[in-house]
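Visitor: the sequence and its predicted three-dimensional model are supplied below.
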Amino acid sequence: MVRACRRRQWLLLVGGLASGGCGDELATYASMGPRYEARTWLAATANPFPFASNRFESREAAGAFIDSLYALGADTVYVLNVQQDSAWVRQEGGPYADALLVRLPADPGARARLLAVNAREARREGFEPDRDRGQRYLYFWWD
């Protein structure tokens, strides 16, 4: 747990954000700004490339990935780290985000499937994957 917590803190610090403690999982992510349910947020933004454009070539590709997380059993998928200042919105046509926070289900099979997707995405970005330690949330970030 300490190693995974340090990884999250490192990710938060690299982004220039203060890290919350590891005692409360949601507090760890609070410094990344508000979180929004991913499907709702994606549908509401006018940005043609609103999410992790280095990984997803279109809004539809990002939406398909989010849908796949729900299909694998995610309780909720949130968008984090939203760039929504007025200059960004004017330049890009709407807010942009590069991170997801997935609320994991209790079902062991669904957890394993979601952790496998997270492991694939983490390795793709050069990170060590998280393992199941009973956590409620799983973090996805694309650099």
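Guide: It's in. Residues are numbered from 1 along each chain as shown.

Visitor: in three-state terms, label the residue located most distally from the centre of the chain for me.
Guide: Distance from the centre of the chain peaks at R90, with 23.8 Å (Cα atoms, centre = their mean). Three-state call for R90 (DSSP: H, G, I helix; E, B strand; the rest coil): helix.

Visitor: in this structure, which spans are strands?
Guide: All strands of the chain, identified by DSSP state E, fall at 36-37, 76-80, 99-103, 137-141.

Visitor: beta partners for the residue nearest in space to the middle of the chain?
Guide: The centroid of the chain falls nearest to L100 when counting by Cα atoms, centre = their mean (1.4 Å). The partner list for L100 in beta bridges (DSSP bridges) reads V79, F140.

Visitor: test my guess that it contacts V77.
Guide: Yes - L100 lies in contact with V77 (Cβ atoms under 8 Å); the separation is 5.9 Å. From N, CA and C alone the C-beta is placed, and that goes for glycine too.

Visitor: what touches both of these two?
Guide: Common neighbours of L100 and V77, using Cβ atoms under 8 Å, 6 or more residues apart in numbering, are 38, 66, 69.

Visitor: between these, which is closest to R120?
Guide: Minimum distance to R120 across those is 12.3 Å, recorded for L69 (Cβ to Cβ).

Visitor: which one is that closest one nearest to, not counting chain neighbours?
Guide: In space, and not counting its chain neighbours, L69 is closest to V77: 5.1 Å by Cβ to Cβ, 6 or more residues apart in numbering.
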